[in-house]
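# Give the three-dimensional model of this entry:
(chains A, B and C, ligands or ions: 5)
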Amino acid sequence: MVISFKQIEEKLKTEAKRLLGESQVSIVLAYGKGYDENHPMPYVARNPSDVDNIVFNEYCNYNLARYLVRYPAGTKIAVAVKAADSRAVIQLIQEEKVKREDLVLLGIPVYGMKNPKTHEIIDGKTTGGLYNPVLYDILLGDEVHGQAIQSPYDVLAAYESMDKEARFAFWKKEFDKCIRCYACRKACPMCYCDPCFIDQTKPKWGDKSPQSHGNLMYHLTRFHHLAGRCIDCGECSRACPVDIPLYLFHKKVAKACEEMFGQAAGMSIEDKPALVNFRVDDSDKFLE
Amino acid sequence: MSFEPKILGIACNWCTYTGADLAGTTRLQYPQNLRVVRVMCSSRINPSFIFRAFQLGADGVLVGGCHPGDCHYNTGNLYARRRLAVTKKILEFSGLESGRFRVEWISASEGNKFAEVVTEFTEQIKKLGPQIKFKISQ
Amino acid sequence: MLKKTTIDKLPELAAALMEKGTLVAPIKEDAGFNFREITDAKQVDLIFHNTIISPKSAFFPQMEDFVRYQTGKSILEAAPVELNLKPTFLFGVRPCDVKSFQIMDIHFSGTGVVDPYWQKRREATTIFGFAFDMNEAADAAEFYHTLGIGAADPEGSDIFMVRKDDILMLKVITPKGEKLMAGLSFPTDASADEIKYFDDYIAKGHDYKTRYTCVDTEAIAREFESIFDNSDFWTKISDACLSCGVCTFVCPTCYCFDICDETLFSQGTRRRVWDACMFTDFTLEASGHNPRTKVYQRLRQKVCHKYSYHIRKYGVISCVGCGRCTRYCPVNIDIFSIVEEAVKAKWYKRL
Ligand code: SF4
Ligand code: SF4
Ligand code: SF4
Ligand code: SF4
Ligand code: FES
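Ligands and ions are numbered 1, 2, ... in the order given. The predicted model follows:
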């Protein structure tokens, strides 16, 4: 089966036009033209006439769930979601940041998405092992079946084979590159806090200057805040201008959470986020 | 000179801190390396406290709370158990020796257990040596 | 005076410069190239398009320490951090980035209020400009030509370099460059053919088009002023913007900083670190009031500062078209498309 990006684009346009035309939603979060083909952008259609600007191709990686919390509660929004993006929406519903009834999910079943800098296929890094949206109202295409599914945790093999000294050296080197532009948290659909802990001054959790210790504090705490909530879209790593592989750490934490708490983030709107939940019979082994 | 580790203890007011008191009043011997901070409940512990403690030079961090089911606020330690489990994993994934962080449930009547845990943990940290990975060098 | 050497002799040239002082040059890192202080002459790599972070960091580092103090002690015991600079060589700077230093000079010394840190670093530094490779296509993100900067513009450099296959030609531009070159023994004199190639290359640089034809600065400033209150326009423009710090941190002409006291136990340092108008807390006041709470207000500030206020105040655009903000923006917001959008086909023609 081959994905037809053009076909998805057409369907996206048709549905967006219909939903806006019938006033079912006031905005459609989709993808639009950028300064060239390889660089499309997140795009907000507000009128049926905007719909012509919508595009969809293999570089439309952006997780549009990121933008949902920007609109006032009650805004009716249609949002285009790929597999991981739909999990972000589910997670946001669990966290009561958005309401299911305010959303129309335009599901995009797709694989073969590419990194615009390297043109490499990034499914293994970002789809959370899924090609079909977990939740949708309208599916823009046919469900993907038969395509080899990579486990979302496969890419961890090299990292997991490191001993603790190597792990420490690896992350020290990576975190030392960080320029504290905060693109990672700003691209992340789950980082919606205002203010973020790292911007707080009373107490001050970490220094503002981009030195090892402040960087370590920022990243470890952010990993912690994303535990059980990260839905493996990979946007943090893709946004990073210095290519820090944050996704490795997030995946590792996600894997541990899945093993301990028996639930992956953003898979069902019935779930509660793992860390604002407990079971009386949770094992003390977690702490060993 | 032998290495005397600095250990931060964070103990909940209702159980572990009271247990520590009991250990004191019954004159149980345990190493002096622990400095205890009292919090109202183990669920009050922000994981960043632990990262920060290591950055500021703690060689080990010991968290104490009520036994699951006994929390003064009913469910605080049940949330804390999950949260601190994640903290432990994050420390481990970042490359810190996982033995430097420990969570124990110690009730108000378990003065003995408090002394034992502190003795054992201090020994363990002594074996691990000074913590330099997170410590901020000036 | 045109000198030359070969690319494979680059380590020797680097070593010679390192003997005379500090060499800052592009090196290849995991994510791309960056200017770094060179510790091993072999690291210098000139086969690059442009760096991720602009070379402004050579004069305006992301973190600059001012004073060290101890809490609880008198301020009189606080010690200012002295800059003891060796002669510095900033090697391989693209013409658009060289131009950015002149724009930054306006703020750090030109208005009469002199920033000693910037000034000292500027004075200590000899700039080796480096022409773009015109055999390769211009990057889709950049538009320096639109702003009147040639791909091989020697203006502002002390020594200007052009690469022809494996030959590196170096031309002295300023007395500072001349003095340095006189003390270097091994670049040899270039031949008459090479001199011609060099001069032609510089001239050709002005025909090497990047995206658009030229612009009228006054017209742009006027257009932006007229749409300042058009929040629909700005909201649309910023629909995708994440309000992160990438565009300002990689930009060669963004100069905002924050001064913070960072204290550990009783030892503290007062230092400045880069700040960005795209950050939520950039305009947060002590009262808790924040005049720019919306993303569009912040993006408007960034664009209008460069393309409107700066023109009105100092007569020049505060942008050199290096394309970094566009290239590294996680959602591909293109600053020049915003300018285009704002002035609506009144004066520009798409190439
Ligand atoms: S942490 Fe990264 S991978 Fe996880 S949800 Fe946020 S942006 Fe996506
Ligand atoms: S890092 Fe933590 S505090 Fe900051 S935005 Fe993300 S979740 Fe919120
Ligand atoms: S995006 Fe990259 S450089 Fe920027 S703050 Fe995040 S990790 Fe650091
Ligand atoms: S324009 Fe791009 S780089 Fe700049 S703040 Fe917005 S998203 Fe970040
Ligand atoms: S009160 Fe002791 S753990 Fe909650």
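# Now do the closest residue to ligand 3 within chain B, the pLDDT please.
Per Cβ to the nearest ligand atom, the residue of chain B with the smallest distance to ligand 3 is residue B:94, at 14.4 Å. For the C-beta atoms, the positions are set from N, CA and C on the backbone; glycine is no exception. Turning to residue B:94, the model gives it a pLDDT of 97.
# From residue B:61, how far out is the closest residue to it other than its chain neighbours?
Closest residue to residue B:94 apart from its sequence neighbours, by Cβ to Cβ, 6 or more residues apart in numbering or on different chains: residue A:171 at 5.5 Å. Using Cβ to Cβ, to the nearest Å, residue A:171 is found at 19 Å from residue B:61.
# re earlier: hmm, the residue of chain B closest to ligand 3 is touching residue A:167, no?
Yes: counting by Cβ atoms under 8 Å, residue A:167 is a contact partner of residue B:94 at 6.8 Å.
# Between the two, which is the more surrounded one?
Just comparing residue B:94 and residue A:167: by other Cβ atoms under 10 Å in any protein chain shown the higher neighbour count belongs to residue B:94, 23 against 19.
# since we're on the closest residue to residue C:124 other than its chain neighbours, how many residues are nearby?
Nearest in space to residue C:124, with sequence neighbours left out and distances taken as Cβ to Cβ, 6+ apart, is residue C:85 at 4.1 Å. Using other Cβ under 10 Å, the number of residues around residue C:85 comes to 14.
# same check, this time on residue B:3
12.
# list the contacts for it?
Residues counted as contacts of residue B:3 (Cβ atoms under 8 Å, 6 or more residues apart in numbering or on different chains) are B:126, B:129, B:130.
# Quick one: low-confidence residue ranges for chain A.
Within chain A, the segments meeting pLDDT under 70 span A:1.
# can you map out the helices along it?
Applying DSSP state H to chain A gives helices spanning A:5-21, A:83-94, A:123-126, A:157-160, A:164-176, A:183-187, A:212-225, A:235-239, A:246-261.
# got the ones you listed as CSV, with distance to ligand 3 columns?
As requested, those are exported to CSV (distance: least, Cβ to the nearest ligand atom, whole Å):
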stretch, distance to ligand 3
helix A:5-21, 28
helix A:83-94, 18
helix A:123-126, 15
helix A:157-160, 17
helix A:164-176, 8
helix A:183-187, 3
helix A:212-225, 7
helix A:235-239, 6
helix A:246-261, 6
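# Break chain C down into its domains, please.
Following automatic domain parsing, one finds the domains of chain C at C:2-52+C:84-205, C:217-258+C:275-343.
# you'd agree the residue nearest to residue C:124 is up against residue C:119?
No: here residue C:85 lies out of contact with residue C:119, judged by Cβ under 8 Å, at a distance of 11.0 Å.
# my read: residue A:83 touches residue A:136, true?
No: here residue A:83 does not reach residue A:136: they are 10.0 Å apart, not a contact under Cβ under 8 Å.
# which ones are touching residue A:140?
Taking Cβ under 8 Å, 6+ apart as the criterion, residue A:140 is in contact with A:8, A:11, A:12, A:15, A:80, A:106, A:107, A:108, A:109.
# Okay, the closest residue to the second one other than its chain neighbours and residue A:106: tell me how far apart.
Of all residues not flanking residue A:11 in the chain, residue A:140 sits nearest, at 4.1 Å (Cβ to Cβ, 6+ apart). Look at residue A:140 and residue A:106: by Cβ to Cβ, they are 6 Å apart.
# circling back to that earlier point, which one, of the helices of chain A, ends up nearest to ligand 2?
Among these, the nearest to ligand 2 by Cβ to the nearest ligand atom is helix A:212-225 (3.3 Å).
# So for the closest one, what gets flagged as buried?
Residues of helix A:212-225 classed as buried by neighbour count (16 or more other Cβ atoms under 10 Å in any protein chain shown): A:213-225.
# Same question for stretch C:129-139.
Buried, per 16+ other Cβ under 10 Å, within stretch C:129-139: C:129, C:130, C:131, C:132, C:133, C:134, C:138, C:139.
# mind listing what the third one touches?
Contact analysis of residue C:131 by Cβ under 8 Å, 6+ apart lists C:94, C:95, C:151, C:152, C:160, C:161, C:162, C:163, C:201, C:202, C:205.
# can you list the weak-confidence ranges in chain B?
In chain B (pLDDT under 70), the answer is B:1, B:138.
# on that earlier part again, just the contacts of residue A:140 now: which is nearest residue A:74?
Nearest to residue A:74 out of the contacts of residue A:140 is residue A:106 (Cβ to Cβ; 19.7 Å).
# number of nearby residues for the closest one?
Number of residues near residue A:106 (other Cβ under 10 Å) recorded here: 26.
# Compute the mean per-residue pLDDT across stretch C:25-37, please.
96.
# Any part of it near chain A?
Yes: residues of stretch C:25-37 are located near chain A by Cβ under 8 Å from any Cβ of the partner chain, namely C:29, C:30, C:31.
# close to ligand 3, is that stretch?
No: contact of stretch C:25-37 with ligand 3 (Cβ under 6 Å from any ligand atom) is absent, the minimum separation being 9.2 Å.
# for residue C:291, what are its contacts?
Here residue C:291 is in contact with C:283, C:285, C:297 (Cβ under 8 Å, 6+ apart).
# rerun that using 7 Å as the cut-off
residue C:283 (Cβ atoms under 7 Å, 6 or more residues apart in numbering or on different chains).
# Can you name the helix or strand that it falls in?
Using DSSP states H and E, residue C:291 is not contained in any helix or strand.
# looking at it, residue C:234 is touching residue C:296, isn't it?
Yes: assessed by Cβ atoms under 7 Å, residue C:234 is found in contact with residue C:296 at 4.0 Å.
# More neighbours: those two, which one.
Shown here are residue C:234 and residue C:296; by other Cβ under 10 Å, residue C:234 has more neighbours (23 against 19).
# Distance of that one relative to residue B:98?
Using Cβ to Cβ, residue C:234 is found at 50 Å from residue B:98.
# At the geometric centre of chain B, which residue do we find?
Geometric centre of chain B, nearest residue: residue B:62, 1.1 Å, by Cα atoms, centre = their mean.
# For residue C:309, see how far away the residue of chain C found nearest ligand 2 is.
With Cβ to the nearest ligand atom, the shortest gap between chain C and ligand 2 falls at residue C:280, namely 10.2 Å. Separation of residue C:280 from residue C:309 (Cβ to Cβ): 21 Å.
# So between these two, which is more surrounded?
Under the criterion of other Cβ under 10 Å, the comparison of residue C:280 against residue C:309 puts residue C:280 first, with 18 against 15.
# and the stretch 151-288 of chain A, which of its residues are near ligand 2?
When proximity is defined by Cβ under 6 Å from any ligand atom, the stretch 151-288 of chain A lies next to ligand 2 at A:185, A:191, A:193, A:196, A:197, A:222, A:225.
# I'd guessed the fifth one sits against residue A:205; true?
Yes: look at residue A:197 against residue A:205 with Cβ under 7 Å: they come within range, at 5.3 Å.
# okay, and the common contacts of those two?
Residues within reach of residue A:197 and of residue A:205 at once, by Cβ under 7 Å, 6+ apart, are A:221, B:48.
# Could you list the buried residues of the helix or strand where residue C:177 lies?
In this structure, residue C:177 sits in helix C:175-182 according to DSSP H and E. Residues of helix C:175-182 classed as buried: C:176, C:177, C:180, C:181 (neighbour count, 16+ other Cβ under 10 Å).
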